[in-house]
Structures are given as C-alpha cells and as structure tokens.
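K.L.:
below are the sequence and a predicted model for it; my questions follow.
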Amino acid sequence: MCKGLALLPTTCLERAKELKAKLGSFLQKPDWSLASCKIGKTRPTLEQCMRWKESFEKLLSSKHGLMAFTAFLVSEFSEENIAFYVACEDFRSTKSAAKLAAKAQRIYDEFICTDAPREVNIDHETRDITRANLKDPSTSCFDMAQHRIYLLMAKDCYPRFLRSPAYKDLISQLRAKCTSISKKA
C-alpha cells in the first residue's frame, strides 16, 4: 500500500473499498430491475408492487419494497438515508442495555457526526439533540433524526422512485407475466 493511503483512517479506507465495490457493480448493471427485488426464490407480485404506490409506509413495510427502494437509492448514490433508517429500526429493537450504548455510538459515528462516512442530511439542531441523547442512550435517542430522514425520503426519494423507469418497467414486466399466465390458463 502506498504511504499516502496508509495514513488515512481505517474508516476512510473501508468506505473507499465499499464505494469501489458498488461502482464496479454499477458498471456491470447500470440500473436496478426486477432481479434486484428477488428475495431467495420469491419475487414481488404485481399486487405488492401496486401497493407500494399507496404510501411510503407500505413500501417500507414490504421486504421486496424495501429491497427495491434500497436498490433505487444505491443507483442514485443516496443509500445512506435508507441505511440509517434501517439501522435505527434495528437499534430500536435492541433489548440488551449493555449493547445499547455501543450500537448508538456506531450509528452516530457512521451516519450523524460531522464527516461521517455515510453522513445523512439533517439540520444542526437535530444533530445536536441526537448527540445529547447519546449521553444517556435509550431506544428513542435517534427518533428525531430518523423522523427527519423518513420525511426527506417520503417527500423526495419516494416520488422519484415511483416515477423511475425501473419501477415502471417492473410493473410492466409483472403485468406482462400476469397476462401470459392468464392466457395459458
């Protein structure tokens, strides 16, 4: 490794490797598709995909929807928002008080602190309140920041997701699949 890279903090090197891996996959697969939504052997149904249009909450509550939305955000280079949201959901379900402080610090370091490797876009007041909440961590210490990111995604990313060619193609593919199945029957 060259001397310049050796001087960088480990988190920067890890993030650089992560970006290299993601960019490599973009060169091979420039957009997400129906294949991105596959979980194991199951794919979303047309009905599931149509429900995603009803509300942002319905999109996030669907495993396939969450996967498709995450793939969309990765394609737009803004996956840190959904990663933070999911990390907060996981954090909220933490039962062990002993693990709470360490998990809270990891989330803060990765997403909230200035120059975090995956820094989310929140205002200074929310950042300051979240930092203060870490002094006595509880399962709700990220609630305000998570809510801000949720609103940002709901108002900005979610409508773009629904208008994206990939989502429209997904619906078309599933409609075509349903049509071909009904013709065979």
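P.N.:
Looks like it arrived, so ask away. Numbers count the residues shown, from 1 in each chain.
K.L.:
show me how far stretch 85-101 is from its chain's centre.
P.N.:
Per C-alpha atoms, centre = their mean, to the nearest Å, the displacement of stretch 85-101 from the mean C-alpha position of its chain is 17 Å.
K.L.:
just the endpoints, please. Distance across it?
P.N.:
18 Å (C-alpha to C-alpha, to the nearest Å).
K.L.:
which parts of that stretch are buried?
P.N.:
85, 87-88, 91, 100 (16 or more other C-beta atoms under 10 Å). Backbone N, C-alpha and C define where each C-beta goes, glycine included.
K.L.:
the residue at minimal distance from the centre of the chain and Arg92, how far apart?
P.N.:
Geometric centre of the chain, nearest residue: Ile82, 2.4 Å, by C-alpha atoms, centre = their mean. Going from Ile82 to Arg92 by C-beta to C-beta, to the nearest Å gives 16 Å.
K.L.:
ditto for Lys58
P.N.:
For Lys58, the distance to Arg92 (C-beta to C-beta) stands at 20 Å.
K.L.:
my read: the residue nearest to the centre of the chain touches Ala68, true?
P.N.:
No: contact criterion C-beta atoms under 8 Å: Ile82 and Ala68 do not qualify, at 10.9 Å.
K.L.:
any regions of this protein where pLDDT drops low?
P.N.:
In the predicted model, the chain carries pLDDT under 70 at residues 1-41, 180-185.
K.L.:
recalculate using a threshold of 50.
P.N.:
Along the chain, the model assigns pLDDT under 50 to residues 1-2, 5, 23-30, 34.
K.L.:
can you show me the helices along it?
P.N.:
3-6, 10-28, 46-51, 56-61, 63-75, 80-92, 97-107, 124-133, 143-152, 158-163, 165-184 (DSSP state H).
K.L.:
with respect to Thr114, which of those lies nearest?
P.N.:
Ranking the helices of the chain by their distance to Thr114 (criterion: C-beta to C-beta) puts helix 124-133 first, at 8.0 Å.
K.L.:
I figured Val120 was touching Asn81, is that so?
P.N.:
Yes: Val120 lies in contact with Asn81 (C-beta under 8 Å); the separation is 5.9 Å.
K.L.:
what is in contact with these two at once?
P.N.:
Residues touching both Val120 and Asn81 by C-beta atoms under 8 Å, 6 or more residues apart in numbering: Ile149.
K.L.:
if we can go back for a sec, I'd like the helices of the chain laid out as JSON lines, including distance to Cys113.
P.N.:
Formatted as JSON lines, those follow (distance: least, C-beta to C-beta, whole Å):
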{"stretch": "helix 3-6", "distance to Cys113": "23"}
{"stretch": "helix 10-28", "distance to Cys113": "11"}
{"stretch": "helix 46-51", "distance to Cys113": "37"}
{"stretch": "helix 56-61", "distance to Cys113": "25"}
{"stretch": "helix 63-75", "distance to Cys113": "21"}
{"stretch": "helix 80-92", "distance to Cys113": "12"}
{"stretch": "helix 97-107", "distance to Cys113": "10"}
{"stretch": "helix 124-133", "distance to Cys113": "8"}
{"stretch": "helix 143-152", "distance to Cys113": "12"}
{"stretch": "helix 158-163", "distance to Cys113": "27"}
{"stretch": "helix 165-184", "distance to Cys113": "33"}
